[in-house]
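K.L.:
fold the following for me, if possible:
(2 chains)
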Amino acid sequence: MKLGIMVNEGPYTHQASDSAYQFAKAALAKGHEISRVFFYHDGVNNGSRLTVPPQDERNIVKRWSELAAEHKLDLVVCIAAAQRRGLMDKSEAKRHGKDADNIAPGFRISGLGQLIEAGIEADRLVVFGD
Amino acid sequence: MEEEAGAGGKVKKFLYVNRKAPYGTIYALESLEVVLIGAAFEQDVSLAFIGDGVYQLTKGQDTKALGVKNFSPAFRALDDYDVNKLYVDEASLRARGLSAEDLLVPVEVVSTERMAEIMEGQDVVLSF
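P.N.:
Residues are numbered from 1 along each chain as shown, chains lettered A, B, ... in the order given. You can find the predicted model right below:
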């Protein structure tokens, strides 16, 4: 089955990103395809490479990046939600005159259309949020 | 459940479920942003309002003292985007002392059972 995933909450504060990750891993292990993971609301913070959790804790951002590299996942951060919350890639930082970018490997910034497209293309869109 | 769209793409039934009050958290505003962007994709769109989500549609919202933007007028523009299936849970309205006359756009007030059927009939359910 072709699955789309939506993550609506930030890392650590809320279970949503953990649950989405576990779901994605389990689905891939069963041979399902994940066409896209879309990060919205505070979920965009899952894509910040500047997080430094304590060493004895799970590294949520790194875990997504590694899963993306291993399975060629398309991790998309909503541009409008990202702009509000200070998540930038190089070109966004340049466009807005900011002195740094912070997007993690494997993530890309794009529009809400990517969420709608995931809903259209996937057999199921699974939403993880509050 | 899928039909061919004019542009040759798929048409799916999208339901946006709004469960939260309009202010206090950003969910309602960012949900509406998805609806407005999504309208360009010419899908079969419905909106549901349950729980505190019914407050999103109330008339006379005044956010001046909050210092945040009153986005409720945007609901009146939805019809221009061919988004005109708005379902409101009757029990949620009643529990808050509201009726359809308190709402700023025409809606269909439905029972919780009917709302469940509406959800069952969708292809994509986005919950906010």
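
K.L.:
all contacts plus neighbour counts: C-alpha atoms, from now on.
P.N.:
Will do.

K.L.:
quick one: residues in contact with stretch B:61-77.
P.N.:
Outside stretch B:61-77, the residues that touch it by Cα atoms under 8 Å, 6 or more residues apart in numbering or on different chains are B:Leu29, B:Gln56, B:Leu57, B:Leu104, B:Val105.

K.L.:
nope, stretch B:33-48 is what I meant
P.N.:
Residues outside stretch B:33-48 that contact it (Cα under 8 Å, 6+ apart): A:112-113, A:116, B:5, B:11-18, B:78, B:81-89, B:115.

K.L.:
roughly how far does the most centrally placed residue in chain B sit from chain A?
P.N.:
In chain B, the residue lying closest to the centroid (Cα atoms, centre = their mean) is B:Leu47, at 3.4 Å. Distance, B:Leu47 to chain A, by Cα to the nearest Cα, to the nearest Å: 15 Å.

K.L.:
can you confirm that residue is in a helix?
P.N.:
No: B:Leu47 is assigned strand when assessed by DSSP: H, G, I helix; E, B strand; the rest coil, not a helix.

K.L.:
dump the C-alpha coordinates for the lengthiest helix in chain A into CSV.
P.N.:
Using DSSP state H to define each element, chain A has its longest helix at helix A:16-29. Written as CSV, here are the backbone C-alpha positions of helix A:16-29 (Å, rounded to 0.1, in the frame of the first residue of the first chain):
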residue,chain,number,x,y,z
ALA,A,16,3.0,12.5,17.4
SER,A,17,6.5,12.5,15.8
ASP,A,18,7.6,9.4,17.7
SER,A,19,4.4,7.6,16.7
ALA,A,20,4.7,8.6,13.1
TYR,A,21,8.3,7.4,13.0
GLN,A,22,7.4,4.0,14.6
PHE,A,23,4.5,3.7,12.2
ALA,A,24,6.7,4.6,9.2
LYS,A,25,9.4,2.1,10.2
ALA,A,26,6.8,-0.7,10.8
ALA,A,27,5.1,0.1,7.5
LEU,A,28,8.4,0.0,5.5
ALA,A,29,9.4,-3.3,7.2
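
K.L.:
ok, it near chain B or not?
P.N.:
No: contact of helix A:16-29 with chain B (Cα under 8 Å from any Cα of the partner chain) is absent, the minimum separation being 13.1 Å.
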